[in-house]
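Asker: Sequence first, then the predicted structure, then my questions.
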Amino acid sequence: MDGVDLTDLDRFARGFPYEVFDALRRDAPVWFHPATANTPGGEGFWVISRYADIVAAASDGATFSSEGGPGRDGGGTLIEDLPGGFAAGVLLNMMDDPRHQRFRRLLTPSLAPRALRTIEADLRRRAGRIVDAALAKGDCDFLTDVAAELPLQAVAQLLGVPQEDRHQLLLWADATLDHEDRGLGESTDRTRQAAAEMFAYGSALLERKRAEPADDLLSLAAHARIDGDPLPDLEQQMLFNLLIAAGSETTRNAIAIGMHAMIDDPGAWARLRDDRERLPPAVEEMLRWASPTPYNRRTATRDVTMGGRRIRAGDKVTLWWASANRDDEVFPDPYRFDMTRTPNPHLALGRGGHFCLGAALARVEMRVVFDTLLDRVDAVEPTGPLEYTRSNKHSGVRHMPVRLHPR
Ligand code: HEM
């Protein structure tokens, strides 16, 4: 695998490098990626690329920790170590059981399908306004005008963030996740400032939720208790950051990349428009196809053998969901975008104890957006190239210029 550098973000600037992972799955499914000039901390890491191995590791949180491992202070689920006690061990998704499970259980009911049924009508009204506004423009950026809007409005609503602040929050979240002008694990004045402003906003909002609780997720977190103790302020604050980022930066990419795949599939739009029963499996295929979160990291807590390779306690281990989603052991003809694919056990939303908490929400949002588009739009015509984000953590779209033709 000479020359492969998954920490060189230029590799991701034109979309996810699937061909590299085809070679990895074939020749080196459990591969130790040596440190390169781009690798944070100068430390290599394991790259797991086959579906079966990824499922095994993701299902064994005791061996593959989301928090950290022996011999290191930090950890978390990115290739770069995040500080322990600030991100690792504090963010819900970078926390191990048993605390992780207790924390997660507090939030599950608000994001469960039953709770979402009550907000679906609101989501449909919002989607109608979003699509009509984009249609009124005609020529628009499908990413910012359509794909990004519903997930952002939905997460603002769910968290109890005033809608008028949502674009500011998105700018902050984009700035902290965008790697246009920096390498992996590096920060700039712009990213530091955005993170600080978002932190201050979250603190003030949580303060308000403590004083005047409402029927929203942040109020719930502000007043929740685990074993009789309130959640520490930092855990509440990091939950706010996590949900804003997870809620706004992923679903939009599934919508945009899904739409892009559909544009390339002649007849797909008409087939879906005329038979909406096809929409749920189409949404699953869009998730598989887009794999908006290409990987998450774990840290080995003990020596373990996988694929005949010895992984040592404390090693970083990366699980590449996007690669699993092209594994032909599981998906026949994996490079065909097939809206009728069943079964479709993709790993776009993860697997195991940290399976995406927003999965049902993401699915409803996608269904509602596409339903609305199919009702009101006759054709989506590309007017320029799709521009990808330069990141190995988000398979994202930066711009997608299109012309919308009304029905
Ligand atoms: C298409 C959209 C989405 C994708 C592709 C996605 C992907 C993922 C993946 C792969 C994980 C597992 C992380 C790991 O194992 O380390 C995850 C976890 C999580 N996601 Fe999502 N997500 C999406 C939408 C959302 C939404 C809309 C929300 C909330 C509003 C959300 C909230 C979360 C949270 C809180 C976790 C952590 C769960 C835990 O650690 O127990 N996600 N997501």
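Answerer: Looks like it arrived, so ask away. Treat the numbers as computed from the prediction; the structure is a model and nothing was measured.

Asker: CA only for contacts and neighbour counts going forward, please
Answerer: Noted.

Asker: in stretch 88-99, what's buried?
Answerer: The neighbour-count check on stretch 88-99 (16 or more other C-alpha atoms under 10 Å) flags 88-97 as buried.

Asker: Quickly find the element holding residue 202.
Answerer: Following DSSP states H and E, one finds residue 202 within helix 189-211.

Asker: Point out the residues in the chain that sit beside the ligand.
Answerer: Counting by C-alpha under 6 Å from any ligand atom, the chain comes close to the ligand at 77, 92-93, 104, 155, 243, 246-247, 250-251, 254, 291-293, 296, 348-350, 354-359, 361-362.

Asker: thinking again about what came up before, nearest to residue 220, of the buried residues of stretch 88-99?
Answerer: Of all those, residue 92 has the smallest distance to residue 220: 14.8 Å, by C-alpha to C-alpha.

Asker: Report the secondary structure element holding the residue nearest to the closest one when sequence neighbours are not counted.
Answerer: Take residue 92 and drop its neighbours on the chain: the residue closest to it by C-alpha to C-alpha, 6 or more residues apart in numbering is residue 100, 6.2 Å away. Assigned by DSSP H and E, residue 100 falls within helix 99-111.

Asker: Pull the residues that contact whatever helix or strand comes next after that helix.
Answerer: The helix or strand immediately downstream of helix 99-111 is helix 113-137, counting by DSSP H and E. Applying C-alpha atoms under 8 Å, 6 or more residues apart in numbering, the external contacts of helix 113-137 come out as 109-110, 140, 145-146, 149-150, 154, 360-361, 364-365, 368-369, 372-373, 376-377, 404-406.

Asker: One more pass at 7 Å, please.
Answerer: For helix 113-137, the external contacting residues (C-alpha atoms under 7 Å, 6 or more residues apart in numbering) are 109, 140, 145-146, 150, 360-361, 368-369, 372-373, 404, 406.

Asker: Which PyMOL command selects the buried ones in these?
Answerer: What follows is the PyMOL syntax selecting those of the contacts of helix 113-137 that are buried according to 16+ other C-alpha under 10 Å:
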select buried, resi 140+145+146+150+360+361+368+369+372+373+404+406
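
Asker: Narrow the contacts of helix 113-137 to those in strands?
Answerer: Secondary structure from DSSP state E places 140, 404, 406 of the contacts of helix 113-137 in strands.

Asker: For the residues you listed, please prepare TSV with the additional fields pLDDT.
Answerer: Output for those, formatted as TSV (pLDDT from 0 to 100):
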residue	pLDDT
140	98
404	97
406	97
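
Asker: closest to the ligand among those residues?
Answerer: Closest approach between these and the ligand, by C-alpha to the nearest ligand atom: residue 140, at 22.1 Å.

Asker: re earlier: ok, of the contacts of helix 113-137, which one's closest to the ligand?
Answerer: Nearest to the ligand out of the contacts of helix 113-137 is residue 361 (C-alpha to the nearest ligand atom; 5.4 Å).

Asker: which residues touch that closest one?
Answerer: Residue 361 makes contact with 111, 116, according to C-alpha under 7 Å, 6+ apart.

Asker: Now with 10 Å, please.
Answerer: Contact analysis of residue 361 by C-alpha atoms under 10 Å, 6 or more residues apart in numbering lists 111-113, 115-117, 119-120, 151, 154-155, 247, 251, 367.

Asker: Kindly provide the distance from it to residue 152.
Answerer: Separation of residue 361 from residue 152 (C-alpha to C-alpha, to the nearest Å): 12 Å.
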